[in-house]
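Colleague: any chance you can model this:
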Amino acid sequence: MMLSGFESGTSRGRDLRRRESMIGVVIMACALSGLLPGASVAQSSKSPADQFADSHFHLTNFIQEGISPQDFLKIMGNRVERSTLFGLPLQQQWSYRISGDDAPKYYLDSDARLYYYSFTDAYIASVYNKLSPPDKARFDPMITGFNPTDMYAADHIRRVLTTFPGVFTGIGEFSIHKEFVASKIAGDVASLTDPALDRILDFAGEVGLLTILHNDVDRPFAAKGSTPVFLKQIEDLFKRHNGSTIIWAHTGLGRIVQPVQNHLGMLESILTDHDYDHVYFDISWDEVAKYVVASPEATKQTAALINRFPDRFLFGSDTVAPSSAEKYYAVFELYQPLWRALTPEASEKVRKGNYERLFDAARLKVRAWEKSHAN
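Modeller: Predicted coordinates:
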């Protein structure tokens, strides 16, 4: 995978967002002009190869605003067979002392703190329960509104399941180490070695909840060639919780956290070790796609790994409350070089098959647990 450098820092957040917006405009322009096949056609797919299930979708954003599931269904059409449904577990505080009337919309818009927003789970459940049974079947809501530093977090998850039975399939996406986010959260700093996290994953394994975990493999701007600072900790965490099915979001990458030295080799070492047979990877987010399609060689090497282990990768958009079909499908279209490089079998599994297998299994386990623990 090719490396890229990006500016960072809260004080430069708005510059970063403007740059992202410009990229988005280019992507949308390409979609509308037909340069990105299928991106301008939201409601129908031209071929089975354009269809997918979305393992990583945020209905709401950092200020708990977003679109309705009904509007998302219109975007999905018959092209997106199924999707996860979760908000963001963090709320960006609007501190008038810091930004005045300039209300922040994103976590880089303000130096004010982020805080855990537990109501997100009740909100997701409420909008999901308004759907018809056929529409419900297309979604897998996830629990996110818990603080992973709190020993009571597992009790929150249990309470959500018993209050809203028949709704949730898993937990996440939630974050432990995430560039520029972790340091902004009020209260304790999350850690991979925290017993509170162990308690969460123990409970997820007991219930059968599928877990989507975001944890950067390294710190931003780490020295080239250095050992990723969080690699051993997350490997140890995975080993401690081999009874839980875990999806490592973005393969450990971020906007600034670039592919580490021999990143694909790191993934291969996990994929070939049976201690990690319960660990999967999603390739969600346009920031991850940029590494994969940065060069023909990067795409070729990534495709070769996925073709060897097609059962262990899932596609996700990681879009946040998309305002249009073009913005939603842009991530999938960015991956076109990868889709072309995969075998038909691997492509189908990454786009749809692995989602169906993992989320269907989790649904059955969670519904059975709920039935046995009904009040």
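Colleague: what residues of stretch 366-374 count as buried?
Modeller: Using 16 or more other Cβ atoms under 10 Å as the test for burial, stretch 366-374 gives 366, 369-370. Quick note: C-beta positions are derived from backbone N, CA and C, even for glycine.
Colleague: out of these, list just those in helices.
Modeller: 366, 369-370 (DSSP state H).
Colleague: rewinding a little: as JSON lines, the buried residues of stretch 366-374 with distance to Ser132 and pLDDT would be great.
Modeller: JSON lines is the format used below for the buried residues of stretch 366-374 (distance: Cβ to Cβ, whole Å; pLDDT from 0 to 100):
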{"residue": "Val366", "distance to Ser132": "21", "pLDDT": "98"}
{"residue": "Trp369", "distance to Ser132": "25", "pLDDT": "98"}
{"residue": "Glu370", "distance to Ser132": "21", "pLDDT": "98"}
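Colleague: what's the closest of those residues to Tyr152?
Modeller: Trp369 (19.4 Å; Cβ to Cβ).
Colleague: correct me, but that closest one touches Leu161?
Modeller: Yes. Applying Cβ atoms under 8 Å as the test, Trp369 and Leu161 come out as touching, 7.5 Å apart.
Colleague: now do the shared contacts for those two.
Modeller: The contact sets of Trp369 and Leu161 overlap at Val207 (Cβ atoms under 8 Å, 6 or more residues apart in numbering).
Colleague: contacts only, for Gly254.
Modeller: Gly254 makes contacts with 178-179, 216, 220, 287, as judged by Cβ under 8 Å, 6+ apart.
Colleague: now do the residue nearest the centre of the chain against Gly316, distance only.
Modeller: Central residue of the chain (Cα atoms, centre = their mean): His56, 4.1 Å from the mean position. Remark: distance between His56 and Gly316 (Cβ to Cβ, to the nearest Å) = 3 Å.
Colleague: quick check: neighbours shared by those two?
Modeller: 84, 249, 282, 284-285.
Colleague: reformat those as CSV; add distance to Val320, pLDDT and secondary structure.
Modeller: Listed next are the shared contacts of His56 and Gly316 as CSV, based on distance: Cβ to Cβ, whole Å; pLDDT from 0 to 100; DSSP: H, G, I helix; E, B strand; the rest coil:
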residue, distance to Val320, pLDDT, secondary structure
Thr84, 13, 98, strand
Ala249, 14, 98, helix
Asp282, 15, 98, strand
Ser284, 11, 98, coil
Trp285, 10, 96, coil
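Colleague: could you identify the most distant pair in those residues?
Modeller: Farthest pair in these, by Cβ to Cβ: Thr84 and Trp285, 13.7 Å.
Colleague: so those two - more neighbours on which side?
Modeller: Thr84 (29 against 22; other Cβ atoms under 10 Å).
Colleague: residues touching that one, list them.
Modeller: Residues counted as contacts of Thr84 (Cβ under 8 Å, 6+ apart) are 54-57, 139-142, 169-170, 212, 316, 359.
Colleague: could you dump the residues you listed to CSV with pLDDT, distance to Tyr276 and secondary structure?
Modeller: Shown next, in CSV, are those (pLDDT from 0 to 100; distance: Cβ to Cβ, whole Å; DSSP: H, G, I helix; E, B strand; the rest coil):
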residue, pLDDT, distance to Tyr276, secondary structure
Asp54, 98, 24, strand
Ser55, 98, 18, coil
His56, 98, 20, coil
Phe57, 98, 25, coil
Phe139, 98, 28, strand
Asp140, 98, 23, strand
Pro141, 98, 27, strand
Met142, 98, 22, strand
Thr169, 98, 22, coil
Gly170, 98, 18, strand
Ile212, 98, 16, strand
Gly316, 98, 20, coil
Phe359, 98, 20, helix
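Colleague: pipe those residues into CSV and attach distance to Pro344 per row.
Modeller: Listed next are these as CSV, based on distance: Cβ to Cβ, whole Å:
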residue, distance to Pro344
Asp54, 20
Ser55, 20
His56, 23
Phe57, 25
Phe139, 27
Asp140, 25
Pro141, 31
Met142, 29
Thr169, 28
Gly170, 28
Ile212, 27
Gly316, 21
Phe359, 22
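Colleague: closest to Glu206 among those residues?
Modeller: Distances from Glu206 to those, taken by Cβ to Cβ, are shortest for Gly170, at 13.2 Å.
Colleague: can I assume that closest one is in contact with Asp140?
Modeller: Yes. Gly170 is within contact range of Asp140, at 7.0 Å (criterion: Cβ under 8 Å).
Colleague: got any residues that touch both of those two?
Modeller: With Cβ under 8 Å, 6+ apart as the test, Gly170 and Asp140 both reach 84, 210, 359, 362.
Colleague: distance of the first one from Ala112?
Modeller: As defined by Cβ to Cβ, Thr84 lies at a distance of 29 Å from Ala112.
Colleague: just the pLDDT at the spatially closest residue to Leu90 that is not a sequence neighbour, thanks.
Modeller: Closest residue to Leu90 apart from its sequence neighbours, by Cβ to Cβ, 6 or more residues apart in numbering: Leu114 at 4.4 Å. Per-residue pLDDT puts Leu114 at 95.
Colleague: Gln92 is in contact with Leu114, correct?
Modeller: Yes. Assessed by Cβ under 8 Å, Leu114 is found in contact with Gln92 at 5.8 Å.
Colleague: settle it for me: which of those two has more neighbours?
Modeller: Each of Leu114 and Gln92 has its neighbours counted (other Cβ under 10 Å); Gln92 has more, 24 against 21.
Colleague: that one contacts Asp111, correct?
Modeller: No. Counting by Cβ under 8 Å, Gln92 does not reach Asp111; the two are 10.7 Å apart.
Colleague: can you select the buried ones from the contacts of Gly254 in ChimeraX?
Modeller: Selection of buried members from the contacts of Gly254 for ChimeraX, criterion 16+ other Cβ under 10 Å:
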select :178,179,216,287
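Colleague: wait, isn't Ala325 in contact with Ile75?
Modeller: Yes. The pair Ala325 / Ile75 is scored as a contact, 4.8 Å apart, by Cβ under 8 Å.
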